[in-house]
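Asks: dropping a prediction and its sequence here:
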Amino acid sequence: MTSALAPIVISCGEPAGIGPEITLGAWQHLKSEIVMAWMGDPRHLPEGTPFEIIDDIGEAAALGGQALPVLRHDFACDNRPGHPDPANARGVIDVIAACVDLVQRGAASALCTSPIHKKALIDGADFAYPGHTEYLQALAGGDTRAVMMLASDALRVVPATIHIALEDVPRHLTPEVLRDTIRITHDALRHQFGIDAPRIAVAGLNPHAGESGAMGRQEIQWIAPLIAELAAEGLDLRGPLPADTMFHARARAGYDAAVAMYHDQALIPIKTLDFDLGVNVTLGLPFIRTSPDHGTAFDIAGKGIASSTSMTQALKLAAAMAASRG
Amino acid sequence: MRIAFAIGDAGGISPELAARILADEEANKGDMMVIGDRRLLAQGEADAGVTLDLPVLSPGDLARPLPGGSFMVDLANCDPGSVPQGTWSAEGGRAAIENFRCALLAGHVGTADVVFFTPFNKHAMRLAKADYVDEIGFIDATIKAPRSGREFNVLDEVWNARVTSHIPLRQVADALTEDRIVESLELTTEIMEGAGFVRPRIGVAALNPHAGDGRNFGTEDDDILAPAVARAQAKQLAVTGPIPSDTVFVRAVKGEFDAVMTMYHDQGQIAMKLLGFDRGVTLIAGYPFPIVTPAHGTAYDIAGQGVAHAGATKNAVALGRMLAERLGKGRAEAEEEAADLPALFHRALDPDAVWG
């Protein structure tokens, strides 16, 4: 039990989704290894969940894994799995803010977020942020850009662009975006993953990384020069590499994280390698934040069939990152 | 059965792989016509630690009846002493082009039933021939093909075909049309049925993240891919999609699909190389004879070390042979007719000859 570290706080996310049940599943799996506390409305936990309400997250360790420590946050109403209630949107949003406060103050060592459903939050509380991560950025203050890392035991990969049409990728992928992504990745590997001299592999945008300009020129025009510029600052970078030959085992042994140019260039390798075991890590925030790499799954919520594997992995990674940061 | 066997790029592991294949009784069934430089193959023998006993013919000897077993046609076009190992060179690229051209011509006139080659390096080929884009364009020009073939990546557990290939990412979305996708699905079904699949099940990868997420991330999945899939289904093709491209391969490998149709190069190549980097075969189909090669590249980093793994290369030979056998004996009738191989090979070696 890593009792020396502050507990990990889990935000409840959308209570009508699978968040409460996968939290229970992950806690059952990890209760003897990791001290954690869940923040939300105890009415939303699956029936029969052994929980105990604590007033302060510092009390979580004392429960010794006998019951799920719960930081109580009362929501407007009870919950019907699969059917988000607009009245509960405010609670979802406020829990996230309260969790960020804990982790900012150091009372929690890391934040693991359960999935939210943006539309439910817009409908119920005029949620104004494009997504979970943007809201966390705003709560964290500062003007840092956050980027998403997908991490499994086999691979860490950071897409420089995410939820946009493939056609829009070349336009959104600017030198500024790529420079920030590489720098944020480098800093996070050092400060949050405990890697002193991180090695980063950067994918090309085009097939065969453009093959000397024959299949696209961005690599020649600015990606390779940008990599050279950052390498001159002392970053250990390689690339732009052909994306199809940089993810097999021998290639992966040569770097600590890969930077991909677009969503599927990052998601295809991680899912092919570890379909159920990938988790999201948000880099660039002033605190550790991980989350399972799936959504609220309303279609199966409350049926007791949701897999808590990704949540378990997200908690394990959060704990490992917190430990390496010390 | 005869396999026209072109030795690939001289600077990488191609000579070593060629020697390994020829020395392997399972891969070399006495039906191979090896095309290249005998000195380069000798270097491959040394790298691989094998000794080959292979009759050597000159292109002029091809006027006479061909020998019964495997033999080599020595083009004397690539002296290993003058080609650097571990990198590309115009010299190596030129020889690879000549070897490939001769092998294609042997297939075209019916002397060979399969064209097989060890890995090329396109950069080297472009140093020698500036307008070399990819294999398909080169094949079309060499044999004056009425329609272009398609490239497939083949693993035992899943095949992969793609709608667009060696084009910049920026051009992919514009290059996708309903017709083009339907045609790709039809051709893939036809080729796979030729390989023994009965109504092959094809999963179609979405273009955009999360298949466009209800038009939030691009409209092509709803407006182009979905109608194309519906049209293919109406033609009784066993097609499903569009499916987010980060899950379609996982579903295929679990047994749901025989093949995945991807929209662009890296979408399929990333997954296929992860699933079977040492096993994958590239098949170029849609011509009267199958063209096969290992899916991996020239591996300059391990050239000359004697550590090249020949698994994918053996798989390529086996797939080519199987497909040619299934293509039937119709072509056998044409074999050994009055094709003037010496003249064709002579022309293939003429730097001034115009093709296509």
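Replies: On my side now, so go ahead.

Asks: for the rest of this, base every contact and every neighbour count on C-alpha atoms.
Replies: Will do.

Asks: any idea how far the closest residue to B:Asp278 other than its chain neighbours is from B:Lys273?
Replies: Leaving aside its chain neighbours, B:Asp278 sits nearest to B:Ala312 (5.6 Å; criterion: C-alpha to C-alpha, 6 or more residues apart in numbering or on different chains). Per C-alpha to C-alpha, to the nearest Å, B:Ala312 is found 11 Å from B:Lys273.

Asks: can you list residues touching both of these two?
Replies: Both B:Ala312 and B:Lys273 are in contact with B:Gly280, where contact means C-alpha atoms under 8 Å, 6 or more residues apart in numbering or on different chains.

Asks: contacts only, for residue 118.
Replies: Answering for chain A, as no chain was given. Contacts here follow C-alpha under 8 Å, 6+ apart; on that basis A:Lys118 touches A:127, A:131.

Asks: that's the other chain; I wanted chain B
Replies: Counted by C-alpha under 8 Å, 6+ apart, B:Thr118 has contacts B:6-9, B:14-15, B:17-18, B:293-294, B:313.

Asks: try A:Gly295
Replies: A:115-117.

Asks: looking at these, which is nearest B:Gly60?
Replies: The closest of the contacts of A:Gly295 to B:Gly60 turns out to be A:Pro115 (C-alpha to C-alpha; 72.0 Å).

Asks: now A:His248: closest residue in space, sequence neighbours ignored.
Replies: Using C-alpha to C-alpha, 6+ apart and skipping the chain neighbours, the partner closest in space to A:His248 is B:Leu274 (5.3 Å).

Asks: my guess is that neighbour contacts A:Ala251. True?
Replies: No - using C-alpha atoms under 8 Å, B:Leu274 is not in contact with A:Ala251; the gap is 10.6 Å.

Asks: more neighbours: which of these two?
Replies: Between B:Leu274 and A:Ala251, counting by other C-alpha atoms under 10 Å in any protein chain shown, B:Leu274 is the more crowded of the two (21 against 11).

Asks: what distance do you get for that one to A:Gly17?
Replies: 33 Å.

Asks: follow-up on the earlier one: which of the contacts of B:Thr118 fall within strands?
Replies: In this view, those that belong to strands under DSSP state E are B:6, B:293-294.

Asks: what residues of stretch A:314-325 count as buried?
Replies: By 16 or more other C-alpha atoms under 10 Å in any protein chain shown, the buried positions in stretch A:314-325 come out as A:314-323.

Asks: could those be laid out in a markdown table, adding distance to chain B?
Replies: Below are the buried residues of stretch A:314-325 laid out as a markdown table (distance: C-alpha to the nearest C-alpha, whole Å):
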| residue | distance to chain B |
| --- | --- |
| A:Ala314 | 19 |
| A:Leu315 | 23 |
| A:Lys316 | 24 |
| A:Leu317 | 22 |
| A:Ala318 | 24 |
| A:Ala319 | 27 |
| A:Ala320 | 27 |
| A:Met321 | 26 |
| A:Ala322 | 29 |
| A:Ala323 | 31 |
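
Asks: close to chain B: what parts of the stretch 201-326 of chain A are there?
Replies: Applying C-alpha under 8 Å from any C-alpha of the partner chain, we find that the stretch 201-326 of chain A lies next to chain B at A:205-207, A:210-212, A:214-216, A:243-245, A:247-248, A:263-265, A:267-269, A:271-273, A:275.

Asks: again, only using 7 Å
Replies: Counting by C-alpha under 7 Å from any C-alpha of the partner chain, the positions of the stretch 201-326 of chain A adjacent to chain B are A:205-207, A:215-216, A:243-245, A:247-248, A:263-264, A:267-269, A:271-272.

Asks: which of those are buried?
Replies: Among these, those buried by neighbour count (16+ other C-alpha under 10 Å) are A:205-207, A:215-216, A:243-245, A:247-248, A:263-264, A:267-269, A:271-272.

Asks: which non-adjacent residue is nearest the residue lying farthest from the centre of chain A?
Replies: Most distant from the centre of chain A: A:Ala214, at 36.4 Å, with distances by C-alpha atoms, centre = their mean. Nearest non-adjacent residue to A:Ala214, counting by C-alpha to C-alpha, 6+ apart: B:Val133, 7.8 Å away.

Asks: next, A:Thr113: phi, psi?
Replies: Main-chain dihedrals, A:Thr113, degrees, to the nearest 10: phi -100, psi 140.

Asks: surely it meets A:Ser291?
Replies: Yes - A:Thr113 is within contact range of A:Ser291, at 5.1 Å (criterion: C-alpha atoms under 7 Å).

Asks: residues near the residue in the stretch 1-150 of chain A positioned nearest to chain B, how many?
Replies: Closest residue of the stretch 1-150 of chain A to chain B, C-alpha to the nearest C-alpha: A:Pro130 (12.0 Å). By other C-alpha under 10 Å, 9 other residues sit near A:Pro130.

Asks: so where do the strands sit in the stretch 151-300 of chain B?
Replies: Ranges of strands within the stretch 151-300 of chain B are B:159-162, B:202-205, B:239-243, B:259-262, B:281-285, B:291-294, based on DSSP state E, counting those that start in this stretch.

Asks: ugh, wrong one, I meant chain A
Replies: Remark: strands assigned in chain A by DSSP E are A:8-11, A:36-40, A:51-54, A:68-72, A:110-113, A:147-151, A:156-159, A:199-203, A:236-241, A:257-260, A:279-283, A:289-292.

Asks: can the ones you listed go into a markdown table with extra columns for mean neighbour count, mean pLDDT and distance to B:Trp159?
Replies: A markdown table is the format used below for those (neighbours: other C-alpha atoms under 10 Å in any protein chain shown; pLDDT from 0 to 100; distance: least, C-alpha to C-alpha, whole Å):
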| stretch | mean neighbour count | mean pLDDT | distance to B:Trp159 |
| --- | --- | --- | --- |
| strand A:8-11 | 29 | 98 | 42 |
| strand A:36-40 | 28 | 98 | 45 |
| strand A:51-54 | 18 | 97 | 50 |
| strand A:68-72 | 23 | 98 | 47 |
| strand A:110-113 | 28 | 98 | 38 |
| strand A:147-151 | 23 | 95 | 27 |
| strand A:156-159 | 26 | 98 | 26 |
| strand A:199-203 | 25 | 98 | 24 |
| strand A:236-241 | 20 | 97 | 24 |
| strand A:257-260 | 26 | 98 | 25 |
| strand A:279-283 | 24 | 95 | 29 |
| strand A:289-292 | 28 | 96 | 31 |
